[in-house]
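Participant: Sequence plus the predicted model coming up.
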Amino acid sequence: MKCVLLFKSVHQVMKAEKVLKGKGFTVDLIPVPREISSDCGVAVELPWEERSGVSSLLGASGISVLETYKRNQQGRFEKES
């Protein structure tokens, strides 16, 4: 399963990618899936298992995650609270 993180701006996405990759996380930049938002944009995708600690690491770097989604086995997105 995958985890998709949404941010306030593309600048925040790029900064998050740099921080996460610097700490050894496996991340990809992907277009924001239409199922989540019709707005154009970029999101960070990482393995679901790696999500723990990501929010606190990004928060310590001054980066806020707006929303987190889990992509299930069928490819559908479920918003995490």
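Facilitator: That came in fine, so what should we check first?
Participant: Need the three-state assignment for residue 79.
Facilitator: strand (DSSP: H, G, I helix; E, B strand; the rest coil).
Participant: Tell me who's in contact with it.
Facilitator: By C-beta atoms under 8 Å, 6 or more residues apart in numbering, residue 79 lies in contact with 67-69. Backbone N, C-alpha and C define where each C-beta goes, glycine included.
Participant: Neighbour-wise, which one of those residues leads?
Facilitator: residue 69 (21 neighbours; other C-beta atoms under 10 Å).
Participant: Tell me what that one is bridged to.
Facilitator: Here residue 69 sits in beta bridges with residue 4, residue 79, going by DSSP bridges.
Participant: That one and residue 30: what is the separation?
Facilitator: 11 Å (C-beta to C-beta, to the nearest Å).
Participant: now residue 70
Facilitator: 14 Å.
Participant: Can you give me the neighbour number for residue 49?
Facilitator: That count, for residue 49 with other C-beta under 10 Å as the rule, works out to 10.
Participant: and it, helix, strand or coil?
Facilitator: helix.
Participant: what's it in contact with, if anything?
Facilitator: Contacts of residue 49 by C-beta under 8 Å, 6+ apart: none found.
Participant: Repeat that for residue 12.
Facilitator: Contacts of residue 12 by C-beta under 8 Å, 6+ apart are 63-64.
Participant: what helix or strand is it on?
Facilitator: For residue 12, the host element (DSSP states H and E) is helix 10-22.
Participant: From the contact counts, what lies against the next helix or strand after that helix?
Facilitator: The helix or strand immediately downstream of helix 10-22 is strand 28-31, counting by DSSP H and E. Applying 3 or more C-beta pairs under 8 Å, 6 or more residues apart in numbering; DSSP states H and E, we find strand 28-31 packed against strand 42-47.
Participant: What is the following helix or strand past the strand it packs on packed up against?
Facilitator: With elements assigned by DSSP H and E, the helix or strand that comes after strand 42-47 is helix 54-60. Helix 54-60 is packed against helix 10-22, strand 65-71, with contacts defined by 3+ C-beta pairs under 8 Å, 6+ apart.
Participant: make it 10 Å
Facilitator: The contact analysis (3 or more C-beta pairs under 10 Å, 6 or more residues apart in numbering; DSSP states H and E) places helix 54-60 against strand 2-7, helix 10-22, strand 42-47, strand 65-71.
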